[in-house]
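Colleague: Let's see this in three dimensions:
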Amino acid sequence: MANELDSCVVMQRSKAPGCDVVVVGLRPLTLEQVVRIADGDARVEVSGDPTYREHLARGVAMLEGHVKGGRRIYGVTTGFGDSCGTDVGVAEGRALALNLTRYHRCGTGRPFDDVETAAILVARLVSLARGYSAVRIEVLEQLALFANRRVLPLIPSEGSVGASGDLTPLAYVAAALAGEGDVTFEGRPCPAAAALGALAASPLTLEPKEALALVNGTSAMTGLAILAYDRAQHLSRLAAALTAMAVEALRGEAGHFDARIFELKPHPGQATFARWVREDLGGGPTRDASTARLQDRYSLRCAPHAVGVLLDVLPLARSFLETELNSVNDNPIVDPDSGDLLLSGNFYGGHVCHAMDSIKACVASVADLLDRQLALLVNPATSNGLPNNLVAVEGRAAATHHGFKAMQITASALTAEASKLTMPASAFSRSTENHNQDKVSLGTIAARDCLRIIELTETVAVVHLLALCQAVELRGPHAMGPRSIALHAAVREVAEQNHCDRPMDRDIVAVLERYRERRLPIGDVAL
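Modeller: Sure, this is the predicted structure:
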């Protein structure tokens, strides 16, 4: 079945300056392209290539031929799941399809945010664009319209077991395409039908198999996992920049990051992390000769070995996610060339789940590392001469101030919460749906956990960064290498030095926003 049409994307320049167009239908998509579309930095279009479109139409025609020939087809002339033994007449096919989008809309929890929802839309588009799901070109174009114009279904985040794929979250996508349910459009919630009307677009009448093809796949977990991957990669680079800054603030030993050490234990990730720290130090300060310690505590000395695990997990996770993204992951599969109908379990999200379980454990370890570095900074017994809790006030008045004492408590609480969430979701498979779905992946739960752990760890990192800026100021300008100088300047644009006790919650929010907008100079994140 593999041919030159195997999935999905070519990059080209749009007529609109500064906006990339991702053309779906010809080559595999990358994780970075999904992120760009989800962020609104690129548009997505379905290929107009005539050969490709004929490939799509042939699959639809094959399915129609089977239906007209009276063939019994799962989810088209039968019920769904354990109801596959229930026959459904051809005349009831459209009602069956629409009802699928209705009874599965029983999700709970907060809705996915705009970026998460856009990533889910793109992931579903990429899979269906392979042309083995017997959906019309109109379905693909409606998905592209929703992603480009930010018609974003309001999808509750809870309720998927990850096999048969993401039935419940994707039912909200299918319903919105058909003009049912609610979406956000132009930044406001509204009925899907109203958003379509504003765009002069018509709701889809979903043909038999199209609703099933939309909901029966791994695209919710995959879209979320791609965002988690992207954020984890950036977080690893931030951890290196903060570690370099901590070495400077604590008058640590730059020699712990000597390249020769990592040639003798050549895990690529830890070597990359050590190189980043060396570059950030810029040949800067080594240990003060008067120090009593010969070597640094583990949260500095072993930082490459700790974060290096994440850096070495990411390439494997990438291979899992890019394969999943560009896969045909619904059931049944329709081969447009042979006409065969293949009953499969490709909706099972085990690879996504294990990628997320691995990344989330590694990211929580980064939170723990940074929290331990922060603990060294605020304790005069371990900070090599910094004032208790980084209090900047001098003299008798210093006794009434507590500096970063509570900030370290906050970081500790966030780290504990991140660590608590690391229990592998893959270990909690349970039988459901009358024991038809008797082994499930829980990939969507793992992806949600991973994103939450990343969110917590990013906040720990920002609290640490604020403390590091305070610490290098207390040391004096000579304490800062090139990366610290750049980071310090960026932080001080939005958060002042803590001269005396004051609330610092807004400082955390301001710096965190700047980091998530990728406006902190953390260095090149290329692995």
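
Colleague: Kindly list the longest helix within this protein.
Modeller: Longest helix in the chain, counting residues (DSSP state H): helix 443-475.

Colleague: If we go by neighbour counts, what in that helix is buried?
Modeller: 443-451, 453-475 (16 or more other CB atoms under 10 Å). Using the backbone N, CA and C atoms, a C-beta is placed for each residue, glycine as well.

Colleague: Helices along the stretch 101-250 of the chain, start to end?
Modeller: Under the criterion DSSP state H, counting those that start in this stretch, the stretch 101-250 of the chain contains helices at 114-128, 137-149, 167-177, 192-198, 210-215, 219-249.

Colleague: ok, and what's touching stretch 69-79?
Modeller: Contacts to stretch 69-79, defined as CB atoms under 8 Å, 6 or more residues apart in numbering, come from residues 63, 66-67, 84-90, 93, 96, 208-209, 212, 216, 331-332, 341, 343.

Colleague: Average pLDDT for it, rounded please.
Modeller: Averaged over stretch 69-79, pLDDT sits at 85.

Colleague: in that stretch, what's buried?
Modeller: Ile73, Tyr74, Gly75, Val76, Thr77, Thr78, Gly79.

Colleague: Stretch 174-183 too?
Modeller: Ala174, Ala175, Ala176, Leu177, Ala178, Gly179, Glu180, Gly181, Asp182, Val183.

Colleague: Tell me the helices and strands packed up against the longest helix of the chain.
Modeller: Packing contacts for helix 443-475, counted by 3 or more CB pairs under 8 Å, 6 or more residues apart in numbering; DSSP states H and E, involve helix 219-249, helix 350-378, helix 405-420, helix 482-492, helix 505-516.

Colleague: which of those is buried the deepest?
Modeller: Of all these, helix 219-249 carries the top mean neighbour count, a mean of 27, counting by mean count of other CB atoms under 10 Å.

Colleague: what comes up buried for the very next helix or strand once past that one?
Modeller: Sequence-wise, the next helix or strand downstream of helix 219-249 (DSSP states H and E) is helix 259-264. Buried residues in helix 259-264, defined by neighbour count with 16+ other CB under 10 Å: Ile261, Phe262.

Colleague: ok, and what's touching helix 259-264?
Modeller: Contacts to helix 259-264, defined as CB under 8 Å, 6+ apart, come from residues Gln270, Ala271, Ala274, Arg275, Arg278, Pro304.

Colleague: can you do 10 Å?
Modeller: 255, 268-275, 278, 301, 304-305, 308 (CB atoms under 10 Å, 6 or more residues apart in numbering).

Colleague: any idea of the mean pLDDT in stretch 510-521?
Modeller: For stretch 510-521, mean pLDDT is 97.

Colleague: swap in stretch 278-298?
Modeller: 77.

Colleague: Need the contact partners of stretch 511-521.
Modeller: Contacts of stretch 511-521 (CB under 10 Å, 6+ apart): 39, 231, 234-235, 238, 241, 455, 458-459, 461-463, 465-466, 469, 482-483, 485-487, 489-491, 493-495, 522, 525.

Colleague: Might you calculate how far that stretch sits from the centre of the chain?
Modeller: 17 Å (CA atoms, centre = their mean, to the nearest Å).

Colleague: what do you get for stretch 123-142?
Modeller: Remark: stretch 123-142 is offset 23 Å from the chain centroid, using CA atoms, centre = their mean.

Colleague: now swap in stretch 410-419 and tell me
Modeller: Using CA atoms, centre = their mean, the offset of stretch 410-419 from its chain centre is 20 Å.

Colleague: which residues are contacting that stretch?
Modeller: 360-361, 363-375, 378, 404, 449, 452-464, 467, 504-505, 508.

Colleague: Correct me if wrong: Ser202 contacts Gly179.
Modeller: Yes: contact criterion CB atoms under 10 Å: Ser202 and Gly179 qualify, at 7.9 Å.

Colleague: So for the two, which residues contact both of them?
Modeller: Common contacts of Ser202 and Gly179 (CB under 10 Å, 6+ apart): Ala193, Leu196.

Colleague: got the contact list for Pro304?
Modeller: Contacts of Pro304 (CB under 10 Å, 6+ apart): 240, 243, 256-257, 261-262, 265, 267, 269-277, 311.

Colleague: repeat that for 8 Å
Modeller: By CB under 8 Å, 6+ apart, Pro304 lies in contact with Phe257, Phe262, Gln270, Ala271, Phe273, Ala274, Val277.

Colleague: Tell me the backbone dihedrals of Asn331, please.
Modeller: Backbone torsions for Asn331, taken as degrees, to the nearest 10, come to phi -150, psi 130.

Colleague: Taking the contacts of stretch 69-79, please make a PyMOL selection of just the buried ones.
Modeller: A single PyMOL command selects the buried members of the contacts of stretch 69-79 (16+ other CB under 10 Å):
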select buried, resi 63+66+67+88+93+96+208+209+212+216+331+332+341
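
Colleague: any idea how far Asp438 is from Ser344?
Modeller: 17 Å (CB to CB, to the nearest Å).

Colleague: now swap in Arg430 and tell me
Modeller: According to CB to CB, Arg430 stands 22 Å off from Ser344.

Colleague: Comparing the helices of the stretch 101-250 of the chain by mean pLDDT, which bottoms out?
Modeller: helix 210-215 (a mean of 94).

Colleague: mind listing what's buried in it?
Modeller: Neighbour count says helix 210-215 has Glu210, Ala211, Leu212, Ala213, Leu214, Val215 buried, by 16+ other CB under 10 Å.

Colleague: just stretch 101-114 next, same as before
Modeller: By 16+ other CB under 10 Å, the buried positions in stretch 101-114 come out as Thr101, His104, Arg105, Gly107, Pro111, Phe112.

Colleague: Quickly name whichever of the residues you listed is closest to Gln33.
Modeller: Comparing these against Gln33 with CB to CB places Phe112 closest, at 19.6 Å.

Colleague: I'd guessed that closest one sits against Ser157; true?
Modeller: Yes: between Phe112 and Ser157 there is a contact at 5.4 Å, judged by CB atoms under 8 Å.

Colleague: Between these two, which contacts overlap?
Modeller: Contact criterion CB under 8 Å, 6+ apart; residues shared by Phe112 and Ser157: Pro169.

Colleague: picking that back up, is it possible to export the helices of the stretch 101-250 of the chain to JSON lines including distance to Ala57?
Modeller: Formatted as JSON lines, those follow (distance: least, CB to CB, whole Å):
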{"stretch": "helix 114-128", "distance to Ala57": "14"}
{"stretch": "helix 137-149", "distance to Ala57": "7"}
{"stretch": "helix 167-177", "distance to Ala57": "19"}
{"stretch": "helix 192-198", "distance to Ala57": "24"}
{"stretch": "helix 210-215", "distance to Ala57": "14"}
{"stretch": "helix 219-249", "distance to Ala57": "23"}
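
Colleague: So Thr323, which state does it fall into?
Modeller: helix (DSSP: H, G, I helix; E, B strand; the rest coil).

Colleague: thinking it is in contact with Gly350, fair?
Modeller: No: Thr323 is not in contact with Gly350 according to CB under 8 Å; the separation is 11.9 Å.
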